[in-house]
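1. Just need the structure, nothing else, for what follows:
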Amino acid sequence: MRWLTLILGVAILAGVASLVVVLRDGTAASPAVNAGTTSEATPAAPESPAPSKSAFTDPCGTFDTSAPTPYEVSGYWLVPTADPCTWRSQLQAIHRLGGDTVVRLGFGLSPRQVDDDGRILERPDDKQPDKDLKPDGRYEVCTEGGIPCEKAAENDLKAANPSNRITWTYVYRTDEHYGPGIFRCPSMEHMIEVGGSVFYRLIAPDDGSDDPTCDFTSKGRGYHLILVSAGAKDSLSELLDLGDRFGIRVFPALPLAPRDPAEFTRADPRHIGTLTTLTRRILQDYGDRFTGRESLGGVYQPFELQLRDWPDPSKVQTLQVYAEQHRIVEQELPGKPILVSPYIDSRRRLKYTSTPAQVAAGFKALAQTGVGIVAPQDGRGTGKGALFWPNLKNQPVDQSLEPVVGESTNATAYYGGTRDYYRSMAQAREELAQEGVQVQLWANVEGFEPSATEACGQQGTRGKTDKPRLDTQVTMAAPYVSKIISYMWSDFFTCGSPSLSEEIAADWNRPIAIEARRAKRQIQDGMEIRGYHIGDAKVTLSWTGLDTPRVVDSASVGWHDPTPIPDLPAQAEKIWIPVDWATVPDDVWVRVDVTAPDGRKAAESVYYHNAS
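-> Here you go, the predicted model:
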């Protein structure tokens, strides 16, 4: 009988259909409601540059800058490539799916041994520590006047003062090509061209000071040599030019810190001085060459870190290295945020994994190192995390996760679902904002499966996933973050037939619900549903004990507000439908399914807990 009362209410609403039509045409009747984050506390993300024109032609062909199939994932990692036409085709494909951000993988600073002739040796093999090291072919070609570059640098230092010496030699590989801004002391530092190879010789005091006086003569000192193997052309300039064309922000990687030989997952603080010297030099050059470039969105911190509740964050080596390197970014590129993408491990059966509350504490410690954007990996691709709702914790894990956690239930395998973790981190971000620490929370949804079902380029044993799985990841993370990005474009979004990117393009506007909440509209009670492409959706409500699911046509009796919702990823919208909550039992989980007018149903349901 109470449901009949609701039907009568629906009929009354139909009488004001003209008002509903006006509202659905884009005029909001009330301000958008926040999804659990505080807009005033969130630093605004830099706006992406608008595409320069609808199409352009260059030696790689004609490229279109329109975005016909924009998806909810709007950023991707890219692998460096030597082919500029590959950059162009990748950015066009990313932009067509609505992508406005790319994160570039980078390279690591590496301390090296040198033989008696001054030849730089290979990096030691961690699995074979006693293996004899041979000269590294990449750096063996670097000579000055027929002398290996390391020996030539040492000769020049001793000519300035016989007591000068090189105490450490480092190498750094990149496909970028720097300007004069990378040099601090041109009397001792310079570019070296050998055939088609380009190197930069950088020399700095071994105390980490990067002494600007460039006094090599008054007293003998120890110096660090950094030999950079660079590109003949600058890949970053090419990427930024493309970013301007397509309206895409580029986040180039900072130099990756050397790893601690005793614990490979930690950064080695012994090399902080040299790492910050190289970082300073590169960013000084960026500042000289790229000032005012809108397409330079910020920089990416590539050293991975697991989010945990550390007893004393000040003693965590990687956080120490972060803080020093990030201080250089703040000095040299003020206003450009640092993006970091830590990982979460929620598996119960392993040591050093974390609950949602412990991850939230780690999020706070990480934010104190000066990062502007934290984009935690959701863990679904590696199997370190799982996509499940609290009411479904006793169901079996997804079959594709069994190679990682075995045959078990969600609750047995994991401390919580990825949604629980993002909710906890969103709360931590709010608390930081109240303390004056401003940081954005993004989500990095992993675009692959733990084990390969289809080969994906050079990605080892991991394989491609599908769009329904990706839609589900969006559902779980989107209510708590301001942007969704994914690792990674090449090759996980491009391998297979159809590829994941082709699946997205063919089904880009399928509805995705991300949250349901109880809400009143004027004097009538009901439910507000947030998501994407849900404006004309049919909503199906069901719960345990209900014989016949209840279907409500939001286009006929509901209300649609397409106004952007503060602090949620772009294009998120909301609808409202009437619900007679007196007919819904207490303490049930109401399952909410949304279906497009053409019959396409969202890949993942959302649930509302009708708690008293």
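2. Could you give the separation between the terminal residues of stretch 98-118?
-> Distance between the two ends of stretch 98-118: 50 Å, counting by CA to CA, to the nearest Å.
3. which stretches of the stretch 251-400 of the chain aren't confidently modelled?
-> Within the stretch 251-400 of the chain, no stretch has pLDDT under 70.
4. where exactly do the helices run in it?
-> 272-290, 317-332, 356-367 (DSSP state H, counting those that start in this stretch).
5. How about the stretch 501-612 of the chain?
-> Using DSSP H, counting those that start in this stretch, helices in the stretch 501-612 of the chain cover 554-557.
6. ok so, going back, save the helices of the stretch 251-400 of the chain as a markdown table, and put in distance to residue 519 too.
-> Using the backbone N, CA and C atoms, a C-beta is placed for each residue, glycine as well. Supplementary listing: the helices of the stretch 251-400 of the chain in a markdown table, determined by distance: least, CB to CB, whole Å:
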| stretch | distance to residue 519 |
| --- | --- |
| helix 272-290 | 46 |
| helix 317-332 | 41 |
| helix 356-367 | 26 |
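7. would you list these in TSV and tack on mean neighbour count?
-> TSV is the format used below for these (neighbours: other CB atoms under 10 Å):
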stretch	mean neighbour count
helix 272-290	22
helix 317-332	20
helix 356-367	22
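8. what's the closest of these to residue 549?
-> helix 356-367 (31.0 Å; CB to CB).
9. what residues does the closest one touch?
-> 305-310, 313, 316, 319, 322, 340, 342, 344, 346, 354, 374, 376, 415-416, 420-421, 423-425, 427-429, 431-432, 437, 439 (CB atoms under 8 Å, 6 or more residues apart in numbering).
10. Can you say which of these are buried?
-> Buried by 16 or more other CB atoms under 10 Å: 305-309, 313, 316, 319, 322, 340, 342, 344, 346, 354, 374, 376, 415-416, 420-421, 423-425, 427-429, 432, 439, out of the contacts of helix 356-367.
11. Low-confidence stretches in the stretch 51-200 of the chain?
-> Residues of the stretch 51-200 of the chain that meet the cut-off, pLDDT under 70, sit at 52-53, 130.
12. That one: helices as residue ranges?
-> 84-96, 137-140, 149-160.
13. Need the winner for burial among these.
-> Highest mean neighbour count among the helices of the stretch 51-200 of the chain (mean count of other CB atoms under 10 Å): helix 84-96, with a mean of 20.
14. Give me the contact list for it.
-> 51, 58-61, 63-69, 76, 78, 81, 102, 233, 235, 238-239, 242-243, 245-248, 489-490, 494, 501, 505.
15. Let's see the ChimeraX selection covering just the buried ones among those residues.
-> Buried subset of these, written as a ChimeraX selection, criterion 16+ other CB under 10 Å:
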select :51,63,65,67,76,78,102,235,238,239,242,243,245,246,247,248,489,490,494,501,505
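16. picking that back up, go through the helices of the stretch 251-400 of the chain and name the closest to residue 184.
-> Using CB to CB, the nearest of the helices of the stretch 251-400 of the chain to residue 184 is helix 272-290, at 6.8 Å.
17. Which residues does that closest one contact?
-> 109, 111, 168, 170, 172, 178-184, 202, 204, 206-210, 224, 226, 228, 237, 240, 254-255, 257-258, 296, 299, 320-321, 324-325, 327-329, 331-333.
18. Show me which of the residues you listed are buried.
-> 109, 111, 168, 170, 172, 178, 181-184, 202, 204, 206, 208, 210, 224, 226, 228, 240, 254-255, 257-258, 296, 299, 320-321, 324-325, 328-329, 332-333.
19. Just the ones in strands from those residues, please.
-> 109, 111, 168, 170, 172, 202, 204, 224, 226, 228, 299 (DSSP state E).
20. got the contact list for the fifth one?
-> It stands for residue 172. 107-110, 226-229, 255, 278.
21. Quick one: the residues you listed as a markdown table, columns for distance to residue 399 too.
-> Below are the contacts of residue 172 laid out as a markdown table (distance: CB to CB, whole Å):
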| residue | distance to residue 399 |
| --- | --- |
| 107 | 37 |
| 108 | 36 |
| 109 | 41 |
| 110 | 40 |
| 226 | 49 |
| 227 | 49 |
| 228 | 47 |
| 229 | 45 |
| 255 | 41 |
| 278 | 46 |
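22. nearest to residue 388, of those residues?
-> Checking the contacts of residue 172 one by one against residue 388 (CB to CB), the nearest turns out to be residue 108, at 36.1 Å.
23. Would you confirm that residue 269 contacts residue 321?
-> Yes - Residue 269 is in contact with residue 321 according to CB atoms under 8 Å; the separation is 5.9 Å.
24. can you tell me which of the helices of the stretch 251-400 of the chain comes nearest to residue 192?
-> Of all the helices of the stretch 251-400 of the chain, helix 272-290 comes closest under CB to CB, at 15.7 Å.
25. tilt between the closest one and helix 317-332?
-> In terms of direction (axes from the mean of the first three to the mean of the last three CA atoms, to 10 degrees), helix 272-290 departs from helix 317-332 by 30 degrees.
26. Alpha carbons of helix 272-290, in PDB - could you do that?
-> The C-alpha trace of helix 272-290 is given here as PDB (Å, rounded to 0.1, in the frame of the first residue of the first chain):
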ATOM      1  CA  ILE A 272      70.700  12.800  -1.800                       C
ATOM      2  CA  GLY A 273      73.300  15.500  -2.500                       C
ATOM      3  CA  THR A 274      74.000  14.300  -6.100                       C
ATOM      4  CA  LEU A 275      70.300  13.600  -6.800                       C
ATOM      5  CA  THR A 276      69.300  17.100  -5.700                       C
ATOM      6  CA  THR A 277      72.200  18.500  -7.800                       C
ATOM      7  CA  LEU A 278      71.000  16.800 -10.900                       C
ATOM      8  CA  THR A 279      67.400  17.600 -10.200                       C
ATOM      9  CA  ARG A 280      68.300  21.300  -9.700                       C
ATOM     10  CA  ARG A 281      70.200  21.500 -12.900                       C
ATOM     11  CA  ILE A 282      67.400  19.900 -15.000                       C
ATOM     12  CA  LEU A 283      64.700  22.100 -13.500                       C
ATOM     13  CA  GLN A 284      66.800  25.200 -13.900                       C
ATOM     14  CA  ASP A 285      67.000  24.300 -17.600                       C
ATOM     15  CA  TYR A 286      63.200  23.700 -17.700                       C
ATOM     16  CA  GLY A 287      62.700  27.100 -16.100                       C
ATOM     17  CA  ASP A 288      64.800  28.700 -18.700                       C
ATOM     18  CA  ARG A 289      63.200  27.000 -21.700                       C
ATOM     19  CA  PHE A 290      59.600  26.300 -20.700                       C
END
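27. before we move on, back to that, can you add distance to residue 359 and give the helices of the stretch 51-200 of the chain back as JSON lines?
-> Shown next, in JSON lines, are those (distance: least, CB to CB, whole Å):
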{"stretch": "helix 84-96", "distance to residue 359": "29"}
{"stretch": "helix 137-140", "distance to residue 359": "39"}
{"stretch": "helix 149-160", "distance to residue 359": "44"}
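28. Can you check which of those helices gets nearest to residue 292?
-> Using CB to CB, the nearest of these to residue 292 is helix 84-96, at 20.6 Å.
29. Out of the helices of the stretch 51-200 of the chain, which gets nearest to residue 193?
-> Across the helices of the stretch 51-200 of the chain, closest to residue 193 is helix 149-160 (CB to CB), at 11.7 Å.
30. same for that closest one, what does it pack against?
-> With contacts defined as 3 or more CB pairs under 8 Å, 6 or more residues apart in numbering; DSSP states H and E, helix 149-160 has these neighbours: strand 143-144, strand 165-173, strand 197-205, strand 222-230.
31. So what does the residue lying closest to residue 452 once chain neighbours are set aside look like in phi/psi?
-> The shortest distance from residue 452 to any non-neighbouring residue, by CB to CB, 6 or more residues apart in numbering, is to residue 463 (3.3 Å). Torsion angles at residue 463 (phi, psi; degrees, to the nearest 10) stand at phi -130, psi -180.
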